[in-house]
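Participant: This is a predicted model, with the sequence first.
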Amino acid sequence: MRKVLIVGGNGFVGHTLARSLKDKFAVTCTHQGVYTPIPGIEFVRLANLGDKTVCKAIVQKIEPEIVAYCAGSNDLLAAEQNVQRTQLVHSAGVTNVFSASENYKAKFIYISTNFVFSGVDGNYSESSTAIPAFQLGKAKLGAENFLRSRSTNYIIFRAAPLLGRGTLEHPSFVDVIREASLRKRKIKLQNKIIHNPVHIDALVDAVKHVIGIDVRNKIIHVGGLTKTSQSDLGKAVVAQLGLDAATIEVSDASSNAIPSDYSLNFTESLRVLEAQPLLLEQSIRLLT
């Protein structure tokens with residue numbers, strides 16, 4: 001079985017990817033502390049992505065053929081409040097893990113974000129100029145540029161917001177809404193930033209596809225067909241799951257009331273992956 005190392009394997013994306021790959025690959029996941037185990041998958045502790053020695057030791061032990069770097073959160077506010085950690089997890093950690101895995105000629109898959117763009121135009125294609133407005137996007141773009149300059153076998157996935165179920169330690173957007181509803185609490189969701197969200201299965205299927213074919217050195221966008229704000233998305237999730245509509249409280253505070261559009265065009269995804277794009281309604285139905 002081909003060996004896969006998932007960095008950030010206890011996060012929303014990493015954990016979902018690990019569960020999907022475990023039957024056909026020898027999967028090892030890194031985690032920072034407490035984690036949700038998956039039968040048949042080894043978890044190894046990687047507390048500090050800035051520790052080059054530990055990164056190297058883990059990679060040398062596994063000798064991976066594929067590295068999927070999924071570490072870090074897409075929480076914009078948290079990224080702005082702790083710039084140093086944002087750079088460490090989303091950029092410097094990529095440098096350390098890639099440098100350690102370079103000798104094994106591993107395919108390096110990096111999960112990036114639509115926040116590498118400015119949000120001024122929307123409908124960004126893979127060839128659009130990336131000018132990030134937030135620290136998260138700046139760190140992600142730094143990692144992208146590093147891989148593009150150093151790696152000869154990389155795939156960068158820029159993902160729109162993803163829908164699905166996370167872990168106990170790292171709940172997803174859907175988990176947060178469900179928990180708020182069950183506890184009779186309101187949750188504030190912004191209505192000025194536009195995305196084209198999609199179910200996480202679309203990203204997982206895309207990753208599995210590029211692992212199975214000889215495609216390399218590409219940036220591929222993953223998103224849905226429907227544009228929506230976070231608050232409208234939250235209302236759609238609540239309606240589908242039969243939760244209390246009063247849970248959602250609309251707010252534009254997080255975006256300073258400035259409308260912006262981070263939606264992704266995924267022409268390259270359609271061409272390379274032959275993927276079938278999903279409407280928001282289709283992604284929402286996959287939650288149940």
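Facilitator: Sure thing, it's come through. Numbers count the residues shown, from 1 in each chain.
Participant: E80 is in what secondary structure piece?
Facilitator: Assigned by DSSP states H and E, E80 belongs to helix 76-81.
Participant: mind listing what's buried in stretch 16-29?
Facilitator: T16, L17, A18, R19, S20, L21, K22, F25, A26, V27, T28, C29 (16 or more other CB atoms under 10 Å). Bear in mind the C-beta positions are built from the backbone N, C-alpha and C, glycine included.
Participant: Apologies, that question was intended for stretch 54-65.
Facilitator: V54, C55, K56, I58, V59, I62, P64, E65.
Participant: which two in the buried residues of stretch 16-29 are spaced the farthest apart?
Facilitator: T16 and A26 (18.0 Å; CB to CB).
Participant: that older thread, now the buried residues of stretch 54-65 in JSON lines, with distance to A160, secondary structure and pLDDT?
Facilitator: Listed next are the buried residues of stretch 54-65 as JSON lines, based on distance: CB to CB, whole Å; DSSP: H, G, I helix; E, B strand; the rest coil; pLDDT from 0 to 100:
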{"residue": "V54", "distance to A160": "32", "secondary structure": "helix", "pLDDT": "96"}
{"residue": "C55", "distance to A160": "29", "secondary structure": "helix", "pLDDT": "97"}
{"residue": "K56", "distance to A160": "33", "secondary structure": "helix", "pLDDT": "97"}
{"residue": "I58", "distance to A160": "30", "secondary structure": "helix", "pLDDT": "97"}
{"residue": "V59", "distance to A160": "30", "secondary structure": "helix", "pLDDT": "97"}
{"residue": "I62", "distance to A160": "30", "secondary structure": "helix", "pLDDT": "97"}
{"residue": "P64", "distance to A160": "27", "secondary structure": "coil", "pLDDT": "98"}
{"residue": "E65", "distance to A160": "28", "secondary structure": "coil", "pLDDT": "97"}
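Participant: closest to F117 among these?
Facilitator: C55 (29.1 Å).
Participant: For the closest one, give me its contacts.
Facilitator: L46, L49, G93, N96, V97, S99, A100 (CB atoms under 8 Å, 6 or more residues apart in numbering).
Participant: Of those residues, which pair is most distant in space?
Facilitator: So, the contacts of C55 by CB to CB: farthest apart are L46 and S99, at 14.6 Å.
Participant: So for the two, which residue has more residues nearby?
Facilitator: L46 (22 against 15; other CB atoms under 10 Å).
Participant: State the distance from the residue nearest to the more buried one when sequence neighbours are not counted to G142.
Facilitator: Leaving out its chain neighbours, the residue that sits closest to L46 by CB to CB, 6 or more residues apart in numbering is T30, at 3.9 Å. Here the distance between T30 and G142 works out to 20 Å (CB to CB, to the nearest Å).
Participant: between the two, who's got more neighbours?
Facilitator: Between T30 and G142, T30 has the larger neighbour count (other CB under 10 Å), namely 27 against 18.
Participant: residue ranges of the helices in this protein, please?
Facilitator: Per DSSP state H, the chain carries helices over the ranges 12-21, 52-62, 76-81, 83-87, 93-101, 135-150, 173-182, 200-212, 230-241, 267-273, 280-285.
Participant: now those as TSV including distance to R2?
Facilitator: Converted to TSV, the helices of the chain look like this (distance: least, CB to CB, whole Å):
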stretch	distance to R2
helix 12-21	9
helix 52-62	12
helix 76-81	33
helix 83-87	31
helix 93-101	14
helix 135-150	21
helix 173-182	31
helix 200-212	8
helix 230-241	35
helix 267-273	19
helix 280-285	29
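Participant: looking at the ones you listed, which one has the lowest mean pLDDT?
Facilitator: Mean pLDDT is lowest for helix 267-273 out of the helices of the chain, coming in at a mean of 80.
Participant: Residues touching that helix, excluding its own?
Facilitator: Contact partners of helix 267-273, identified using CB under 8 Å, 6+ apart, comprise 125-126, 205-206, 209-210, 215, 218-222, 275, 277.
Participant: ok, now which ones touch L286?
Facilitator: L286 touches L163, G164, H199, D201, counting by CB under 8 Å, 6+ apart.
Participant: Of those, which is the most crowded?
Facilitator: Ranking the contacts of L286 using other CB under 10 Å puts L163 first, with 25 neighbours.
Participant: Surely it and D201 touch.
Facilitator: No: counting by CB atoms under 8 Å, L163 sits too far from D201 to count as a contact (9.1 Å).
Participant: Over to G164: give its phi and psi.
Facilitator: Dihedral pair for G164: phi 160, psi -170, per degrees, to the nearest 10.
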